[in-house]
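Asks: can't give you the sequence, but here's the structure:
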């Protein structure tokens with residue numbers, strides 16, 4: 001496998017993700033450069049990208065300094081959703097990694113994230129002798145294959161009532177929903193400034209878990225710029241009395257939508273703005289032909305929206321010679 005400059009190879013990498021994700025059991029959105037490059041810049045800025053191209057696929061790793069020797073991870077070393085090994089035939093890809101890459105890669109350990117435990121890539125990676133596994137990273141996914149009404153029909157009666165009640169309360173209060181699909185440039189910047197103004201009024205900002213002056217905020221802005229360039233960014237704003245009081249943002253890739261973040265002004269919590277926005281967002285996505293709404297990592301409130309859980313793990317591999325030298 002030959003080292004590549006990632007900026008020059010991003011299009012090839014994304015093409016491989018599109019063609020190989022299903023066979024690998026990989027996350028088809030979070031494994032793309034739209035996600036992994038912003039993630040590396042935001043959460044691992046001191047790491048060094050190491051990208052390789054071979055006959056049977058590509059490998060995109062980050063090199064991190066470590067007292068015992070270099071440690072390599074996925075570009076998404078924070079959540080571990082992305083798969084760093086991409087190729088249409090998992091067996092041939094791992095053959096190539098074992099024969100051509102590992103013998104030349106000075107490393108103490110390598111972590112391979114985004115691996116479906118029931119997928120073909122997991123089975124092939126066993127040949128590399130993993131020394132450990134993480135617990136699963138679970139993502140909540142809503143199935144929109146048969147449209148909004150079918151999705152709604154699978155929700156519990158209690159949850160359906162709560163969604164419809166939120167829609168009625170919002171309408172009675174005069175809340176309007178504005179869909180924004182900004183391109184890159186000034187239009188996107190204005191939309192993001194509106195988003196951050198709402199975020200500043202949310203509990204997430206005080207808790208430092210939102211997008212205002214955080215690494216997560218830098219990541220979301222960078223990712224949004226990439227999705228916007230292809231017309232794939234989706235935003236909804238809830239507005240009342242000519243001001244924004246809530247938002248939801250995400251990106252579409254093929255027939256799949258990945259949610260990024262949503263927040264609302266705490267002063268309007270009684271209007272259930274979060275549910276109101278999700279109600280409208282899911283309806284719009286279904287009308288658009290989206291078949292899967294990935295809401296991201298598992299949280300209890302997402303169970304009511306989800307039809308299935310998609311799970312991946314991270315597998316840890318060690319350079320036994322280095323480990324023996326250190327011990």
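Replies: Arrived safely. These numbers were taken from a predicted model, which means no experiment stands behind them.
Asks: so residue 179 makes contact with residue 233?
Replies: No. The criterion here is C-beta atoms under 8 Å, and residue 179 misses it with residue 233 at 11.3 Å. Placement of C-beta: from N, CA and C, glycine included.
Asks: the two - which one has more neighbours?
Replies: residue 233 (26 against 11; other C-beta atoms under 10 Å).
Asks: how much space separates that one from residue 150?
Replies: 26 Å (C-beta to C-beta, to the nearest Å).
Asks: identify the bridge partners of the residue nearest to residue 195 when sequence neighbours are not counted.
Replies: Leaving aside its chain neighbours, residue 195 sits nearest to residue 247 (5.1 Å; criterion: C-beta to C-beta, 6 or more residues apart in numbering). Residue 247 has the following beta-bridge partners by DSSP bridges: residue 237, residue 263.
Asks: pLDDT on stretch 138-146, on average?
Replies: The average pLDDT for stretch 138-146 rounds to 97.
Asks: in it, which residues are buried?
Replies: Neighbour counts using 16 or more other C-beta atoms under 10 Å place 138, 139, 140, 141, 142, 144 of stretch 138-146 among the buried residues.
Asks: what do you get for stretch 229-247?
Replies: Neighbour-count burial for stretch 229-247 flags 232-240, 244-247 (criterion: 16+ other C-beta under 10 Å).
Asks: do the same with stretch 145-164
Replies: 151, 152, 155, 162, 163.
Asks: tell me the contacts of residue 181?
Replies: 231, 233, 234, 235 (C-beta atoms under 8 Å, 6 or more residues apart in numbering).
Asks: by contact count, what packs against the longest helix seen in the chain?
Replies: Longest helix in the chain, counting residues (DSSP state H): helix 6-24. Secondary-structure packing of helix 6-24 (3 or more C-beta pairs under 8 Å, 6 or more residues apart in numbering; DSSP states H and E): helix 33-43, strand 48-53, strand 58-64, strand 85-86, helix 120-125.
Asks: on that earlier part again, can you pick out the most distant pair from the contacts of residue 181?
Replies: The two members of the contacts of residue 181 with the most space between them (C-beta to C-beta) are 231 and 235, at 12.5 Å.
Asks: assign residue 312 to helix, strand or coil.
Replies: Here residue 312 takes the strand state, with states given by DSSP: H, G, I helix; E, B strand; the rest coil.
Asks: so what's the residue count around the spatially closest residue to it that is not a sequence neighbour?
Replies: Residue nearest to residue 312 in three dimensions, not counting chain neighbours: residue 114, with 4.9 Å by C-beta to C-beta, 6+ apart. Residue 114: 29 surrounding residues under other C-beta under 10 Å.
Asks: tell me who's in contact with residue 114.
Replies: So residue 114 contacts 26-27, 30-31, 74, 76, 80-84, 312, 314 (C-beta under 8 Å, 6+ apart).
Asks: how about 7 Å then?
Replies: Applying C-beta atoms under 7 Å, 6 or more residues apart in numbering, one finds that residue 114 lies in contact with 26, 27, 31, 74, 80, 81, 82, 83, 312.
Asks: report pLDDT for the fifth one.
Replies: It stands for residue 80. Value listed for residue 80 in the pLDDT field: 92.
Asks: please name the nearest non-neighbouring residue to residue 177.
Replies: residue 280 (4.8 Å).
Asks: pLDDT below threshold where in the stretch 51-200 of the chain?
Replies: Applying pLDDT under 70 to the stretch 51-200 of the chain picks out no residues at all.
Asks: all helices of it, in order?
Replies: Using DSSP state H, counting those that start in this stretch, the helices of the stretch 51-200 of the chain run over 90-96, 120-125, 148-153, 157-173, 186-199.
Asks: JSON lines for the ones you listed, including distance to residue 213?
Replies: Formatted as JSON lines, these follow (distance: least, C-beta to C-beta, whole Å):
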{"stretch": "helix 90-96", "distance to residue 213": "40"}
{"stretch": "helix 120-125", "distance to residue 213": "38"}
{"stretch": "helix 148-153", "distance to residue 213": "36"}
{"stretch": "helix 157-173", "distance to residue 213": "30"}
{"stretch": "helix 186-199", "distance to residue 213": "9"}
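Asks: among these, which is nearest residue 274?
Replies: That would be helix 157-173 among these, by C-beta to C-beta, at 8.4 Å.
Asks: and residue 78, how many neighbours?
Replies: Number of residues near residue 78 (other C-beta under 10 Å) recorded here: 18.
Asks: and the gap between it and residue 255?
Replies: On the measure of C-beta to C-beta, residue 78 and residue 255 end up 26 Å apart.
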